[in-house]
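Q: attaching a predicted model along with its sequence, questions to come.
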Amino acid sequence: MAIENEQPVTGQSFYYLEICCRLVAEKFGKLPISSWTNSDYLRLSGKLLRQTSVTLSASTLKRIFGKLKTPERYYPQKATRDALAVYAGYKSWDDLIVHHRPVEEDLSTRLHQPAVAEAAPSMANAAPEAAFIAT
């Protein structure tokens, strides 16, 4: 398992990297990523340099976006992730994570609420006339 900043790289790390890559591709304006050519990676490299002052080679971008296969899935260093996040419109990689973190449910509240099926009968079990609203 890869280690980044004393922390193991997990599936969740790649979840955020996938989000970032999708956002970068959308801003770059060329989808799908699978159709990108070497010149697309070179153009993206130039745009990243102009906007973030960070140089990312076309080869590094290809590893990040999955065009170049590596023995283990490639997870870029923090400065690279920061540059991609800034290009995508965030202040940093950490800012991107905060904005895309799944909402954590309050389990104690959820346990004390009736299930949707218990709270209201389904329309399938309702009388036919209940399915229509008079106008």
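A: Perfect, thanks for sending it.
Q: show me where this protein has strands.
A: Here the chain has its strands, by DSSP state E, at 3-4, 7-8.
Q: which residues touch the longest helix that the chain contains?
A: Assignment by DSSP state H gives helix 11-28 as the longest helix of the chain. Helix 11-28 is contacted from outside by 4, 31-33, 40, 43-44, 47, 64-65, 73, 75-76, 81, 84-85, 87-89, 93, 96-97, 100, using CB atoms under 8 Å, 6 or more residues apart in numbering. Any C-beta I mention is one placed from the backbone N, CA and C, and that applies to glycine too.
Q: now swap in stretch 37-51 and tell me
A: For stretch 37-51, contacts defined as CB under 8 Å, 6+ apart pick out 24, 28, 30, 54-58, 61-62, 65, 67, 83-84, 86-87.
Q: lowest average confidence across the strands of the chain, which one?
A: The minimum mean pLDDT among the strands of the chain belongs to strand 3-4 (a mean of 52).
Q: thinking again about what came up before, which among the contacts of helix 11-28 end up buried?
A: Buried by 16 or more other CB atoms under 10 Å: 40, 44, 64-65, 75-76, 81, 84-85, 87-88, 93, 96-97, out of the contacts of helix 11-28.
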